[in-house]
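sequence and predicted structure are below.
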Protein chains: 2
Amino acid sequence: MPTLQDVARLAGCSTATVSKVLSNTPYVSEETRARVLEAVRQLNYRPNLAGRALSRGRTHIIGVVFPYVYDHIFRDPLVLAIVEGIEQVLTDQGYSILLSTPRMTSEASDPMFEQILRSGYLDGMIAIDSVPESRIAALADTYRVPLVVLGYHDSPYQVHCDDYAGGQLMMNYLLSLGHRRIGIIRIPQAKNIAVDERWRGLCDALHAAGIDPASLPTAEGDYSTRSGAAAAAHLLACDPHLTAIASLNDRMAIGALQTLHALGRAVPDEISVIGYDNLALSEMTTPPLTTVSQHASTLGERSAQMLLQVLHNEQPSIAVIAPTLRERASCAPLRAVDFAASRQS
Amino acid sequence: MPTLQDVARLAGCSTATVSKVLSNTPYVSEETRARVLEAVRQLNYRPNLAGRALSRGRTHIIGVVFPYVYDHIFRDPLVLAIVEGIEQVLTDQGYSILLSTPRMTSEASDPMFEQILRSGYLDGMIAIDSVPESRIAALADTYRVPLVVLGYHDSPYQVHCDDYAGGQLMMNYLLSLGHRRIGIIRIPQAKNIAVDERWRGLCDALHAAGIDPASLPTAEGDYSTRSGAAAAAHLLACDPHLTAIASLNDRMAIGALQTLHALGRAVPDEISVIGYDNLALSEMTTPPLTTVSQHASTLGERSAQMLLQVLHNEQPSIAVIAPTLRERASCAPLRAVDFAASRQS
DNA sequence: GTTGTATAGTTAAGCGTTTAACTAATCTCT
DNA sequence: AGAGATTAGTTAAACGCTTAACTATACAAC
C-alpha cells in the first residue's frame, strides 16, 4: 500500500507538498501539482484514514446509534427507511456510518460503546431515541461528540415527526368521514413520547369536535400485531357497533384487520381502520391500510443534514417533520344507515 | 482526553509499561500493574483508536456491505434481520460495524468505498451479495481485506441459504397436500442466483413427482408485491382451475393474495398460496402466509462467525443454512371434490 | 565467583498524515 | 536599489499508540 512518502519520492518533492496538493492548499505550482497528481495516479495512492484521523483528529465516521433499552428498536421496519435516508446524505458528503446498538440502562452504559465514544472514533452521531431514560445525550456531552437525536429528547439538536399533529390528523380524518363510534388502540403511557404525543393530538381532535375521549372505548397494546388483534377483539366486545378503529401504530392496526377479518366484519364497508407509520407492508394488507405517514426516510435525511450543520459549527434549530395522511382503502365514509343507527343509540 | 502519556506520568512509569499493562503482556510487577490501573481509573483513560489503529494496523472495524447494483437491496426487509444477526456476534467480540452501500457496476466501483478499503479502515468485511457482476470480491482481493460473502459468489468464504432445497421444500409441500394444478410466480433468470436455485429445486421436485414443469403455467414478476398481484391474475387467466400458487418470494406471494382476495377466491379453501422468505409481515397477512424461512438472522450470525474465523487465520468452509417450512394458514390439502375435478381435466 | 536466565522496566523508532515555522526565490513599489 | 509582499517549497514536530531492542536488577546453578 503506497504512502505519502512513496508519492513524494516519485514526484520528486516532499511529503508536505504532496499533502498540500491533495488538500488543495494554494501556493503550489501548476507543474508540481501535475507531477504529484501523476504520481498519485501511477501508484494508485489513497490516504490512510487512520493516519489522517490521528493527525487531524477527525475520522469522517458518524455513529448511527440505536440504543437498546426496552426493546430492540432495530427490529422496527421503519428503522430501515431512516437508516437509508441517513446513509444517502452522509455518504454523499464523504462520511461513513458506524452502526451501533449499545445496551443502555438508566444507570449504566454499554462499555464497548463508551469506548468508541472516548476513543474519538466518531466525528458525530445520530441517535434514534425517544426513551427519556437513555443516557445517550449525557454520554455525547461527556465526550464532546456532536449529537443529533432523532426522536424526543432534551438535546439541543433534534428532529422528530410532529406526532401531535399526526394524532389530530388521523382522528380528524375519521371524524370528517362521519365516524363517531370510534375505538382506539393505544399504548401504555410514558414509555415512548412519540406515541404519547399522538394520543394527545388525537384526544384534542376529539375535544375540538365536542367528543369526550373518555367516552370512547380504548384498549392497550404493546406495538405488536398480536396485541393489536387482541385489542380489536376487546374493543368490539365493548361496543359491537363500532364504525371505526384508530390504532396508534400500523402493526397493531394490521392486527385489528386480522381480527376483523376473522370476525367477518367487512373493512371498510362495515368498519374503518386507520393506522400510524405507513410501514412498507401497510400497502400490502387487505384492504391496503389508510395510515399517517411519518416520512421515515425524510426523518433520516433531515437528521443527517442537521448533523452536518452542527459539524460546520452552525446551530440549527429543531426540525419537526409534518406527517401526512396516506389514504388507502381501509377507511370509508360512514354509511347513511349506520349514521342513523349511531344517532339513535 | 487523557493519553497514554498522562497515565504514565501519573503512575510514575513509561508509556511502554502502561501499554504492557493494558495489553496484558507479562513481566510487569503486581505493584506497578496496580499503580497503572489506578491511574487509568482516575483519569478515566481509554486508548485512542486511531492511534492504536495506526500503530497496530488493525481497527476492529468490520464493513457490512450492501452493494447497490440493480436495486437498493437495503430496502429488503430481510436485511434488517441479517444485520441484526451480524451485529450481535460482532459487537460481542468487540468489533464495530461500518455500514456501506457502495454503488457498484460491472466496470466501475464506488470511489468512496474503494477509498475506505484502501485506507485500511476495515479489518474485514461481510458483503450481502448474490449478483455475480458485482466487483466486491475483486476489490477485497486487491486490497487484501478478508471477505465473507453472504449469498452466492465465487469467493472462498461464503454462507448462503440452501435455496435449492428450499425450492424443493415448497414444491414438495404443495404436492404432499395433493395439489397438481400449480401456478408458479418466478423471476427472470440469471439476475439473482438465489432465486434461480429456488427455481431449480422446485422444478426437480416436480420432475421427481413425474410432472413436467413446462406443463404448469408460470408468470414472471420482479420481486415486488405489485408484480406478484399481476402475475397471479395472469396465472388464473391461463388456468382458472388452479388449486395452488407458488411464489419465489414472499412479497409477490402477498401480491397474489391480494389478487385472489379481490377476485373472491378463498385462500386456502379454494386455492393455496406459498411464498419464500418468511418476512416479518408474512405472518400478518390474511390468511397468514405459509412460506419457506431463510433464517435471516442465522445467516447474519453465521457469516459474522465465519469472518471471525478468517481473521483468526482459520479456513472455514462454506456454510449452507437449511431452510425450513413455516406452515401457516395459506395452504390446505386439496379437497376431494377438487381432486376429482383435477383428475378429470 | 562467574555465567546464565528470568524478571521489570525504559528508550526510541515507527505507523501515515498534517501543519506550523522556516527558507528561498521572485516580484512590486517607491 | 532596497524594503516588503507574494509565491513555492522544505523541515520537522506532532497526533497516540505499539513494540523491538536494550538496560538493569535479582536469583539460581555449577
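On my side now, so go ahead.

quick check: closest non-adjacent residue to residue A:43.
Leaving out its chain neighbours, the residue that sits closest to residue A:43 by CB to CB, 6 or more residues apart in numbering or on different chains is residue A:2, at 4.1 Å. Backbone N, C-alpha and C define where each C-beta goes, glycine included.

for that neighbour, give me its contacts.
For residue A:2, the contacting residues are A:43-45, by CB atoms under 8 Å, 6 or more residues apart in numbering or on different chains.

so which helix or strand takes in it?
Assigned by DSSP states H and E, residue A:2 belongs to no helix or strand.

show the pLDDT at whatever residue of the stretch 151-300 of chain A ends up closest to DNA strand C.
Proximity of the stretch 151-300 of chain A to DNA strand C (CB to the nearest atom of the strand) peaks at residue A:157, 25.1 Å away. Note on residue A:157: pLDDT of 94.

again, but for residue A:71
53.

isn't residue A:148 right up against residue A:303?
Yes: between residue A:148 and residue A:303 there is a contact under CB atoms under 8 Å: 5.0 Å.

for residue A:150, give its distance to chain B.
Separation of residue A:150 from chain B (CB to the nearest CB, to the nearest Å) stands at 16 Å.

now do the contacts for residue A:332.
Residue A:332 neighbours (CB under 8 Å, 6+ apart): A:177, A:268-269, A:272.

right, and residue A:221 touches residue A:186 too?
Yes: counting by CB under 8 Å, residue A:221 touches residue A:186, with 7.3 Å between them.

more crowded one of these two?
Higher neighbour count among residue A:221 and residue A:186: residue A:221, with 26 against 20, using other CB atoms under 10 Å in any protein chain shown.

just give me the neighbour total for the closest residue to residue A:100 other than its chain neighbours.
Of all residues not flanking residue A:100 in the chain, residue A:65 sits nearest, at 5.1 Å (CB to CB, 6+ apart). Residue A:65 has 28 neighbours, counted by other CB under 10 Å.

ramachandran angles for residue A:65?
Dihedral pair for residue A:65: phi -120, psi 130, per degrees, to the nearest 10.

how far away is it from residue A:104?
According to CB to CB, to the nearest Å, residue A:65 and residue A:104 sit 9 Å apart.

quickly list what's touching both of those two.
Shared contacts of residue A:65 and residue A:104, defined by CB under 8 Å, 6+ apart, are found at A:113, A:136.

confirm for me that residue A:279 is in contact with residue A:223.
No: between residue A:279 and residue A:223 there is no contact under CB under 8 Å: 11.7 Å.

where do the contact lists of those two overlap?
residue A:251.

with neighbour numbers in mind, choose between the two.
Each of residue A:279 and residue A:223 has its neighbours counted (other CB under 10 Å); residue A:279 has more, 29 against 19.

check contacts around that one.
Counting by CB under 8 Å, 6+ apart, residue A:279 makes contact with A:77-78, A:250-251, A:291, B:281.

neighbour-wise, which of those leads?
residue A:291 leads the contacts of residue A:279 on contacts (other CB under 10 Å) with 30 neighbours.

beta partners for it?
Note on residue A:291: beta-bridge partners residue A:275, residue A:326, judged by DSSP bridges.

hmm, residue A:326 and it touching each other?
Yes: counting by CB under 8 Å, residue A:291 touches residue A:326, with 5.2 Å between them.

now the common contact residues for those two.
A:278, A:282.

so residue A:28, which state does it fall into?
Put simply, residue A:28 is coil when judged by DSSP: H, G, I helix; E, B strand; the rest coil.

that one reaches residue A:19, doesn't it?
No: assessed by CB under 8 Å, residue A:28 is found out of contact with residue A:19, at 10.2 Å.

look up how far residue A:81 lies from the residue of the stretch 201-345 of chain A found nearest chain B.
Closest to chain B within the stretch 201-345 of chain A is residue A:281: 3.8 Å, counting by CB to the nearest CB. Distance, residue A:281 to residue A:81, by CB to CB: 12 Å.

kindly report the same for residue A:18.
For residue A:18, the distance to residue A:81 - CB to CB - is 42 Å.

neighbour count winner among those two?
Between residue A:18 and residue A:81, residue A:18 has the larger neighbour count (other CB under 10 Å), namely 28 against 22.

isn't that one up against residue A:6?
No: look at residue A:18 against residue A:6 with CB under 8 Å: they stay out of range, at 9.5 Å.

name the element the nearest residue to residue A:11 once chain neighbours are set aside belongs to?
Nearest non-adjacent residue to residue A:11, counting by CB to CB, 6+ apart: residue A:39, 4.0 Å away. In the assignment (DSSP H and E), residue A:39 maps to helix A:30-43.

do that helix and DNA strand C meet?
No: using CB under 7 Å from any atom of the strand, helix A:30-43 never reaches DNA strand C; the gap is at least 10.2 Å.

tell me the buried residues in that helix?
By neighbour count on 16 or more other CB atoms under 10 Å in any protein chain shown, the buried set for helix A:30-43 is A:32-33, A:35-36, A:39-40, A:43.

need the contact list for residue A:49.
Shown in contact with residue A:49 (CB under 8 Å, 6+ apart): A:59-60, B:115-116, B:119-121.
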